[in-house]
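# What shape does this take:
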Amino acid sequence: MSNGLVSIIIVTAGHRHYLKSLLDSLEKQTSPVSETLIINNSPDVITTPRWARVYNTGSNMFYCQALNLGIRESNGEFILCLNDDVELERDFIKQAEKGFFIDSRIGMVSGKILRSDKATLDSTGLFLSVWLTARERGYGALDRGRFEREEYVFGVNGAVAFYRRKMMEDLRIGSTYFDEDYRIFYEDLDIAWRAKNRGWRGYYMPKAIAFHVRGATVRAGEGLAKPFARRYLSDELHLDLLKNRYLTIAKNISFAGILLRFPFVLIYEVLNWSYVLFFRRKIIKKIPFMLKCLGAAFEKRKVIRDICLGRKK
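The predicted structure is shown next:
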């Protein structure tokens with residue numbers, strides 16, 4: 001692959017058949033990239049093309065840590081972060097990259113992400129729901145041509161996340177871009193929300209098409225592409241899902257924002273914790289841990305505020 005403006009960062013947990021399909025799709029891209037970095041979060045040795053650079057972590061890193069490593073080690077003006085369970089159409093990078101040149105304040109670009117059946121939508125942009133959760137536009141619906149217009153969106157899905165480096169540097173806290181307290185889940189919404197609060201915007205490019213095996217990274221085989229995904233998560237991952245939503249809210253929402261959505265949030269919390277009480281009681285023992293992480297999130301909120309005011313970096 002020849003030199004370009006794009007650095008690709010792939011985080012893999014050792015799903016070899018998924019990774020091979022992704023790398024094959026990258027090799028067919030019609031637009032050049034400057035480098036491809038693979039963060040291998042498994043103890044296994046993986047075989048990769050010569051044009052890819054591998055960082056073996058020995059499964060000692062979680063997803064956010066791995067992404068931070070990749071961003072620090074990369075040099076491209078634009079950074080395409082990929083799960084190993086995706087494939088890209090041959091024009092994906094060419095089409096998605098155009099979005100960054102529409103407006104200098106566009107810091108994130110989403111393509112049209114379909115499921116592996118190539119007929120069901122997985123995401124056409126990430127949005128903040130009234131429940132203060134991450135909402136993937138079009139999620140689970142058949143692709144009937146409804147989302148064919150280029151437009152601004154709140155953020156981008158983390159499985160195929162295209163970022164402007166300048167934006168990521170603007171959001172950086174110390175040496176980290178993604179909050180490593182998250183491990184996995186909600187990191188894409190947190191980045192999008194922080195970016196919005198800093199004046200950055202997301203954009204949707206429907207001709208940039210990717211395919212995603214929904215759930216392949218964290219769910220058992222029977223949970224692939226199934227609704228109500230949390231049923232198929234381990235208790236540990238379900239804890240991350242709960243915790244990270246609270247951390248994201250604590251770091252980013254305004255007082256007015258929480259007041260406007262309070263009735264919806266209250267309903268969501270009742271349903272959410274009812275599910276935990278009946279089906280995930282082990283998580284209740286982790287509430288002190290969640291409160292500790294929440295305290296750290298409020299401290300980070302102060303740092304983020306200071307960055308916005310130009311006081312520190």
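
# Quickly list the domain ranges of this protein.
6-212, 225-308 (automatic domain parsing).

# I figured Val156 was touching Lys112, is that so?
No. Judged on C-beta atoms under 8 Å, Val156 makes no contact with Lys112 at a distance of 11.6 Å. Every residue, glycine included, has its C-beta placed from N, CA and C.

# more crowded one of the two?
Neighbours were tallied for Val156 and for Lys112 using other C-beta atoms under 10 Å; the higher tally belongs to Val156 (29 against 26).

# tell me the contacts of that one?
Val156 makes contact with Met108, Val109, Ser110, Gly125, Leu126, Phe162, Tyr163, Asp188, Ala192, Gly202, according to C-beta atoms under 8 Å, 6 or more residues apart in numbering.

# Just to be sure, the first one is in a strand?
Yes. The assignment for Met108 is a strand, going by DSSP: H, G, I helix; E, B strand; the rest coil.

# Not counting sequence-adjacent ones, nearest residue to it?
Distances taken as C-beta to C-beta, 6 or more residues apart in numbering place Gly202 nearest to Met108, at 4.1 Å, with adjacent residues excluded.

# what's the burial count for that neighbour?
Gly202: 26 neighbours (other C-beta under 10 Å).

# Settle this for me: it is touching Leu126, isn't it.
Yes. Assessed by C-beta under 8 Å, Gly202 is found in contact with Leu126 at 7.4 Å.

# Ile39: helix or strand, and which one exactly?
Taking DSSP states H and E as the criterion, Ile39 maps to strand 35-40.

# ok, and what's touching stretch 145-152?
99, 102, 112, 121, 124, 137-138, 201-206.

# Can you list the low-confidence ranges for the stretch 101-250 of the chain?
The stretch 101-250 of the chain contains residues with pLDDT under 70 at 216-228.

# residue boundaries of the strands in it?
106-115, 121-123, 126-128, 134-136, 151-153, 160-164, 201-212 (DSSP state E, counting those that start in this stretch).

# right, and these - which one's nearest Gly174?
For those, proximity to Gly174 was assessed by C-beta to C-beta; strand 160-164 is nearest, at 18.1 Å.

# mind listing what Ala195 touches?
Contacts of Ala195 by C-beta under 8 Å, 6+ apart are Gly107, Met108, Gly155, Met167, Asp170, Leu171, Arg201, Gly202.

# What separation is there between it and Phe298?
20 Å (C-beta to C-beta, to the nearest Å).

# With Pro263 instead?
On the measure of C-beta to C-beta, Pro263 and Phe298 end up 24 Å apart.
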